[in-house]
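Q: let me see the structure of the following:
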Amino acid sequence: KSIHELHHSKPYFHISIDPPSLILTWFTVVFTTLILVCPTLSTALSSMIGYSLSGLFYEWTHYIVHTRVKPKHLFFRRLRDHHMRHHLVDNHYWYAFTLPQIDGIFGTNPNVKDVVKSKQQQL
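A: The predicted structure is shown next:
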């Protein structure tokens, strides 16, 4: 099973953090790529820090939305709701978890009612 399929086979409320082996693999690939494409080591390191911070934001946010914590800030409530649709309505939509606007660009942010209606018609 893919990591994504395994993630979806678990109950919605569970600890959802990528395993260290996956994180280290990504860091190695990204850092190697940055060393090759950036003009200086300091640019590569700065880029890696940005990548790492965005990865921490993703992991922390993904962890929070898979708990029963109710975010107080509207921004985080919207992220949680967006991700819940991906799990509870249809996992073929709403992929862009930490930046939902990307789903609008790729056409993976349909109206929830349309998806539910379509699924009901398939039954």
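
Q: in this structure, where is pLDDT below threshold?
A: Within the chain, no range satisfies pLDDT under 70.

Q: buried residues, the longest helix along the chain. List them.
A: Under DSSP state H, the helix in the chain containing the largest number of residues is helix 41-65. Neighbour-count burial for helix 41-65, with 16 or more other Cβ atoms under 10 Å as criterion, is recorded at 44, 47-48, 55, 61-62, 64-65. C-betas here are computed from N, CA, C, even on glycine.

Q: run the angle between the helix or strand following that helix and helix 41-65 for me.
A: Note on helix 41-65: by DSSP states H and E, the next helix or strand toward the C-terminus is helix 74-88. On the basis of axes from the mean of the first three to the mean of the last three Cα atoms, to 10 degrees, helix 74-88 is oriented at 70 degrees to helix 41-65.

Q: secondary structure class for the residue nearest the centre of the chain?
A: The centroid of the chain falls nearest to Phe97 when counting by Cα atoms, centre = their mean (4.0 Å). The local conformation at Phe97, judged by DSSP: H, G, I helix; E, B strand; the rest coil, is coil.
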